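Student: Make a model of this:
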Amino acid sequence: FPTRRSSDLRKVVLHGPSTLIISLPSKWARKYGVKRGDEIDVEEKGSKLLINAKGGVKLNKKELDISDLHPLINRTMMKIYQEGYDEIDVKFDNPVYLKNIQEVLPQLIGYEIIKQDRSSCTIKDIVKSSSEDFNVLFKKIFFLMKDIFKDGENALKEEDISSMKNIIYRDLELNKVTNYCLRVLNKEGVADDNKISVYFAIIHTCEKVGDLYKNMLQTFIDGNIKKDKKFLYFHEKMRLFFDEISFFTFKKSKTSALAISHQYDALKKEISSALFSSSLKTNILAFYLRNILDNIIFIQELQLEKI
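Tutor: Reported below is the predicted structural model:
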């Protein structure tokens, strides 16, 4: 995860009788195409000044040869997207690899193929990311996960395989939102730079929890596992525990932090003591829940500095 950005100290120069001047970082000026005579927006926020370039950002382009990259094509495309590239020229020696790209694009908001032939294609961001979208979509991550857990619990109770498969597919929607949030953080950042590393860690953890839950449901389906009262009990406890973490994320308090910690210790102990008293197949699902629980509490731990 990104570390906290170091301060860039610059000397204030007196120009004329009363005008104070500081220089702009050359890397930032090149990135945003700022040159002599351009106008920039300056906004006062308490002791801070926010400087915004009026000109468009120069396209951040990348060339990628996926000819020998299988089976890492999808993961590499996601990483490039998250890093904030605006345009990718992709080359391949087998047209079948184009299918991999077409499969991953629905998870990458704004990316579209604008040109292609038998050995290459060009992907471009046609929906420019904005930091204004970040807070809304960050909250949506938690709403999506709460819905997935609730619907998953109902499907497990009813042993509704069709609904479980639909929930597994909904992990793609979660990936789409987390990918976009990571992209915005890399390209635009947020108003408070001190929060960036925490946001990165929370988003990656949420994505991991989503993958664990998806794999747990797939294990239930593939193993032809029958519902178990004890497992359903622990699932409900896990779901309610995530609700508490979600509430804490957007309304922090020392009281709720302590309550969550006690709740986690008790639930962890309960699951551990029950692990080897059930069938092997049920134990496998319980191990998934335990792993999910450990990742959920990590979301809180990342934010304890703020209480």
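
Student: Quick one: residues contacting the residue most central in space within the chain.
Tutor: With distances taken as CA atoms, centre = their mean, Thr178 lies nearest the centre of the chain, 2.9 Å away. For Thr178, the contact set (CB atoms under 8 Å, 6 or more residues apart in numbering) comprises Ile141, Ile203, His204, Cys206, Glu207, Gly210. C-beta coordinates here come from the backbone N, C-alpha and C atoms, glycine included.

Student: got the phi/psi numbers for it?
Tutor: phi -70, psi -40 (degrees, to the nearest 10).

Student: what separates it from Asp193, distance-wise?
Tutor: 21 Å (CB to CB, to the nearest Å).

Student: again with Pro106
Tutor: According to CB to CB, Pro106 and Asp193 sit 32 Å apart.

Student: Ok, Asp222 next?
Tutor: Going from Asp222 to Asp193 by CB to CB gives 45 Å.

Student: just the helices in this protein please.
Tutor: Taking DSSP state H as the criterion, the chain carries its helices at 26-31, 73-83, 97-104, 134-158, 161-169, 171-187, 196-222, 229-250, 254-274, 280-301.

Student: Can you give me the end-to-end span of stretch 110-121?
Tutor: The first residue of stretch 110-121 is 16 Å away from its last residue (CA to CA, to the nearest Å).

Student: Need the pLDDT of the residue lying closest to Lys128 once chain neighbours are set aside.
Tutor: Setting aside the residues directly before and after it, Lys128 is nearest to Gly110 in space (CB to CB, 6 or more residues apart in numbering), at 7.3 Å. Listed pLDDT for Gly110 reads 95.

Student: is it true that Gly110 touches Ser129?
Tutor: Yes - shown here, Gly110 and Ser129 form a contact pair, counting by CB atoms under 8 Å, at 6.8 Å.

Student: Now Ser256: closest residue in space that isn't a chain neighbour?
Tutor: Using CB to CB, 6+ apart and skipping the chain neighbours, the partner closest in space to Ser256 is Phe248 (5.1 Å).

Student: can you count the residues close to that neighbour?
Tutor: 20 (other CB atoms under 10 Å).

Student: could you check the distance from it over to Asp38?
Tutor: Using CB to CB, Phe248 is found at 44 Å from Asp38.

Student: Also Leu64?
Tutor: 32 Å.

Student: so what's Gly84 up against?
Tutor: Asn60, Ser129, Arg183, Asn186, Lys187.

Student: and Asp65, bridged to which residues?
Tutor: Lys91 (DSSP bridges).
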